[in-house]
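>>> quick one, structure for this:
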Amino acid sequence: MSEETLAGGRRRMTQEERRAQLVTKAREAFLEGGYRGTTTKYVAQSAGVSEALVVKHFGSKEELFRHAMVDPLLEILRDAVRQPVPVGPSIIQQREDLHSFLLRWAKVVREQGPLFWAVLREAQDFPEIGEIALLFRSHVEAVANRLTITTQRSEYRPFDTWVAACLGLAAGTAAGMVGGDMDAFVAQVVDIIYEGVLSGEGRRVLSAAAGSEGSGT
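Okay, here's the model as predicted:
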């Protein structure tokens, strides 16, 4: 699309740029005022355009909310779910992998927390928000499946991998929400999990590895 200039030499936004600007302004408005407390007129004023232009691009406030809030959150969660659950060759590496995995999830929660809660508040008006629960369930299933594969060895005692996956992700979510040092929070969670899932042999292996690291050998 060719660029047009306005009075004063300013460049006129392309349709794609204007749409992106409106989405940004709408997200700011919805985060502050919620769905019911925000109007297309307010978004238009924030962007310095007419309300008619907002309606032209999105049709309604409902569609504007979907584009600005619901769709971005779902894409963020889909991307998080698509990330593979790492599995190292030893229980030492598996423990480190679990820590990294839960920390990554905690960072998603912390970075997207305002968007997440703002969208959930409007669940009754936007049925597609139910996909969030499905995405989280598929995330738990992926983690549980990897745990099942990983823990079928003598260093682990029998345990319910579904419960462990739920607890781990719930703790990662909490780490992202409560503030403070996420890394230290997740490290404590991993310590607790491994205290419960390792067999006597596994604890001896982990203890020996910790002693080796402490001695610098």
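>>> tell me where this protein has strands.
Under the criterion DSSP state E, the chain contains no strands.
>>> domain-wise, how is it divided?
Here the domain parsing of the chain from automatic domain parsing is 1-59, 70-215.
>>> tell me where the model's unsure across this protein.
Across the chain, the ranges flagged by pLDDT under 70 are 1-10, 86, 212-217.
>>> helices of that one, residue ranges please.
Ranges of helices in the chain, per DSSP state H, are 15-33, 40-47, 51-58, 61-65, 71-82, 91-120, 131-150, 161-177, 182-197, 200-215.
>>> can you lay out these as a markdown table showing mean neighbour count?
Glycine gets a C-beta too; all of them are placed from N, C-alpha and C. Output for the helices of the chain, formatted as a markdown table (neighbours: other C-beta atoms under 10 Å):
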| stretch | mean neighbour count |
| --- | --- |
| helix 15-33 | 17 |
| helix 40-47 | 18 |
| helix 51-58 | 16 |
| helix 61-65 | 19 |
| helix 71-82 | 15 |
| helix 91-120 | 18 |
| helix 131-150 | 16 |
| helix 161-177 | 19 |
| helix 182-197 | 16 |
| helix 200-215 | 12 |
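>>> how much space between the nearest residue to residue 135 once chain neighbours are set aside and residue 70?
With C-beta to C-beta, 6 or more residues apart in numbering as the criterion, residue 135 has its nearest non-adjacent residue at 4.7 Å, and that residue is residue 77. Per C-beta to C-beta, to the nearest Å, residue 77 is found 11 Å from residue 70.
>>> how far off centre is stretch 151-168?
24 Å (C-alpha atoms, centre = their mean, to the nearest Å).
>>> what's the answer for stretch 131-150, then?
Per C-alpha atoms, centre = their mean, the centroid offset for stretch 131-150 relative to its chain is 14 Å.
>>> contacts for it next, please.
Applying C-beta atoms under 8 Å, 6 or more residues apart in numbering, the contact partners of stretch 131-150 are 73-74, 77-78, 80-81, 85, 87, 94, 101, 119-120, 156, 161-162, 164-166, 168-169.
>>> likewise for stretch 166-177?
Stretch 166-177 has contacts (C-beta under 8 Å, 6+ apart) with 98, 102-103, 105-111, 113, 136, 139-140, 143, 182, 185-186, 189, 193.
>>> now swap in stretch 102-120 and tell me
Contacts of stretch 102-120 (C-beta under 8 Å, 6+ apart): 27, 30-31, 34, 69-70, 72-73, 76-77, 80, 83, 126, 129, 132, 168-169, 171-173, 175-177, 182-183, 185-186, 189-190.
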